[in-house]
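**Student:** Quick one: sequence and predicted model below, then my questions.
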Amino acid sequence: MRLSVNEEGNWRSFRHRNYQILFPANALSNIGAWAQRIAQDWLVLELTNSGTYLGLVTALQFAPVLLFSLHGGALADRFNKRKVLIATNIGGGLSSAVLGILVMTGVVALWHVFLLAFILGISTAIEGPVRQSFTNEVVGPEDLPNAVSLNSANFNAGRLIGPAVSGFLIAAFGTGPSFLFNAFSYLFVILALTQLNEKAFFTTEKSTSMTNVREGIAYVRARPDLYVVMAMVFFIATFGLNFQIFNALMATKVFGKGPASYGLLGTFIAIGSLSGALISARLEGFRKTLFVVRAGIVFSIVVMILSLMPTYLAYALWLPVCGLAALTTLITANSIVQVNTDPAIRGRVMGLYLLIFMGGTPFGSPLIGVMSELIGTRETIAACGAISLTATTIIYGKYRNKVGLPQDISISAVLKTADSDKNNKSEKDYESN
């Protein structure tokens, strides 16, 4: 039965049958992914009681982004995205299943967690840019901004439900069932991908060039409106967007809470995140680069205030504000990069975006873990907010008048303009000498 959807409304992406198939499968997968994140952090704390190791396992899970996300973007521009996504979901599901079995049989060791987190990270690093660019094929360029907001709402609905589910599962049965639940959720995504109608895809002609990543990097370097967004996202994600670690350390080391209370903190932040995602569906007119910069400044201040919350309840009640500020910033950033990029190179650009978005985590997470043990958890959160605030303020001051959207965003036009500007600069430098 076909849904009746207002073509001008906030849910207009659901007029596409393929999107209707993917959305619920992704919803279950997002719940499973967040359940595993909570269980993985709690498992590490059970095995080590160390903030440093907690940071290290997060770093290992995100380290593959540095190695594979750019190549994942190239795969997105050259190969069948649906088939690539099926392969990456099989890999992610197997890694979760193995870790769940190891925990349930009582033989899990810390090195198992490290290794399987790294393997899951490889799958995620390749899958990320492919999935991001695949959205355009599912709903088309006209509905892409709306789909980005709805996908973020979906992701944060999982963030709302997953931590609470995992917290109660851990309290009742230990961490093992959360990993198995995530493995099970991958099956639904694989099944949904096999049911999509490829004839309904909004496809563009595949590039016959080498689709090398250098072309994607050159394209972004020639677009200040894109690289400013990416610079903002780097500092926000690396230093400010670490609530998974912040919450684990605050719950256990500052407030002395158990797994259920820790899981609820993830639910509190997801309330704000989900609200931000739904609000962003109405803010398409505000999706400008300078909006991202200003929103990043607000987010950084909100994180600094979080470090001052005196009780568990006050901390939990401030988390929705953090989630709202974070998602308003990140959804706008993601939409700008996707919508304002030539479709022929979108996969590589999104690969670069995800590299910058998550690539700082392998360095930031261990640093946060070490800092929490050296100077304290609250002081670490405040410092992360201050670093993000300093960087965003400098970026705003330097680039606020240089981030206009080019009239022609095609690869040829952008790179031609960049070459022309480079030649003109060389001639001026030559004449000045």
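**Tutor:** Yes, it's here.
**Student:** where does this structure dip in pLDDT?
**Tutor:** Within the chain, the ranges that satisfy pLDDT under 70 run 1-9, 156, 204-211, 281-286, 418-433.
**Student:** Regarding residue 256, what is its secondary structure?
**Tutor:** coil (DSSP: H, G, I helix; E, B strand; the rest coil).
**Student:** Ramachandran angles for it?
**Tutor:** Main-chain dihedrals, residue 256, degrees, to the nearest 10: phi 60, psi 40.
**Student:** ok, it to residue 311 distance?
**Tutor:** Distance, residue 256 to residue 311, by Cβ to Cβ, to the nearest Å: 12 Å. The way it works is simple: take the backbone N, C-alpha and C, and place the C-beta from them, glycine included.
**Student:** before we move on, what about residue 161?
**Tutor:** Relative to residue 311, residue 161 is positioned 25 Å away (Cβ to Cβ).
**Student:** higher neighbour count, these two?
**Tutor:** Taking neighbours as other Cβ atoms under 10 Å, residue 161 and residue 311 compare with residue 161 leading, 20 against 10.
**Student:** Just confirm the more buried one contacts residue 33, I think it does.
**Tutor:** No. Distance between residue 161 and residue 33: 11.1 Å, which falls outside the contact criterion (Cβ atoms under 8 Å).
**Student:** and residue 341, what element?
**Tutor:** Following DSSP states H and E, there is no helix or strand that holds residue 341.
**Student:** Not counting its neighbours along the chain, what's nearest it?
**Tutor:** Distance criterion Cβ to Cβ, 6 or more residues apart in numbering; nearest residue to residue 341, sequence neighbours excluded, is residue 349 at 4.7 Å.
**Student:** I'd assumed residue 227 was in contact with that neighbour.
**Tutor:** No. Residue 349 is beyond contact range of residue 227, at 10.5 Å (criterion: Cβ under 8 Å).
**Student:** between these two, what contacts are shared?
**Tutor:** Taking Cβ atoms under 8 Å, 6 or more residues apart in numbering as the criterion, residue 349 and residue 227 both touch residue 220.
**Student:** higher neighbour count, these two?
**Tutor:** residue 349 (28 against 20).
**Student:** ok, that one - contacts?
**Tutor:** 73, 216, 219-220, 226, 337, 341.
**Student:** separation between residue 298 and residue 187?
**Tutor:** 40 Å.
**Student:** Over to residue 233?
**Tutor:** From residue 233 over to residue 187 (counting by Cβ to Cβ), the distance is 32 Å.
**Student:** if you count what's nearby, which of the two comes out ahead?
**Tutor:** For residue 233 and residue 187, the more surrounded residue by other Cβ under 10 Å is residue 233, and the numbers stand at 24 against 15.
**Student:** list the helices and strands the longest helix belonging to the chain packs on?
**Tutor:** Ranked by residue count and defined by DSSP state H, the top helix of the chain is helix 17-48. Here helix 17-48 touches helix 51-62, helix 81-104, helix 110-139, helix 144-173, helix 176-194, helix 243-249, helix 259-280, going by 3 or more Cβ pairs under 8 Å, 6 or more residues apart in numbering; DSSP states H and E.
**Student:** Which positions within the third one qualify as buried?
**Tutor:** Of the residues in helix 110-139, those scored as buried under the neighbour-count criterion (16 or more other Cβ atoms under 10 Å) are 112-114, 116-139.
**Student:** likewise stretch 164-172?
**Tutor:** By neighbour count with 16+ other Cβ under 10 Å, stretch 164-172 contains the buried residues 164-167, 169-170.
**Student:** Name the residues that touch that stretch?
**Tutor:** 31, 34-39, 42, 175, 177-178, 181, 258-264, 266-267.
**Student:** rewinding a little: so which of the contacts of residue 349 is the closest to residue 251?
**Tutor:** Distance to residue 251 across the contacts of residue 349 (Cβ to Cβ) is lowest for residue 337, with 33.7 Å.
**Student:** what's around that closest one, how many residues?
**Tutor:** 28.
**Student:** Then the one 4 residues further on?
**Tutor:** By other Cβ under 10 Å, 25 other residues sit near residue 341.
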